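[1] I need the structure of the sequence given here:
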Amino acid sequence: MSSEDTQNQISVDLMKKEDLPEILAIERVSFPTPWTEGMFMDELRTEHAQCLVVKIELNGKAMIAAYIIFWFVADEVHLHNLAVKSEFRRRGLAYSLMSLMRGIAAQVGINRQTLEVRESNRGAINLYRKCGFVVKGKRVQYYTDTHEDALVMWAEKQQEEQNA
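    All right, here's what the predicted structure looks like:
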């Protein structure tokens, strides 16, 4: 993050229903087929889902800059959704949220992480590679909106340490 960012108050909080209008605005500009309010509400009610937001205080007003949703499933953590508000992109927020996800998972003894990503989403793929993920497979026509394939990526704690 730039020195400009470090002068602002940054916090990570649990996502709340009251956050959804800002989250939905970010979601709509971030994805070809954005999640609905109902989908986010389902995540908030799901016991094994972790829903976090990054808030940045600018001029005395806190705004949501990014969010992440991930699940603990069996012996792995699965990334479900991650987005950064356009004006805060390329400042390390997504990488920080991925690191936070992996740290929380490690605290509960989970070292395996997985996700699916659109094959065309080069920016996200590069981020995930930087976080130690490698492509392990493909789900053909995974995305029902465009019939685009998804890359299945995996990482383990040991891979991250080797990439550090």
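[2] which other helices and strands contact the helix or strand harbouring Val53?
    Val53 is part of strand 49-58 when elements are defined by DSSP states H and E. Here strand 49-58 touches strand 9-14, helix 37-45, strand 61-73, helix 93-107, going by 3 or more Cβ pairs under 8 Å, 6 or more residues apart in numbering; DSSP states H and E. Where you see a C-beta, it was placed from the backbone N, CA and C, and this is true even at glycine.
[3] Parallel or antiparallel, list what pairs with it.
    The partner list of strand 49-58 in its sheet, established with DSSP bridges, is strand 9-14 (antiparallel), strand 61-73 (antiparallel).
[4] OK, contacts around the residue most central in space within the chain?
    For the chain, the residue nearest the mean C-alpha position is Leu82 (2.5 Å; Cα atoms, centre = their mean). By Cβ atoms under 8 Å, 6 or more residues apart in numbering, the contact set of Leu82 is 66-69, 94, 97-98, 124.
[5] Closest to Val140 out of these?
    When the contacts of Leu82 are ranked by distance to Val140 (Cβ to Cβ), Ala124 comes first, at 18.9 Å.
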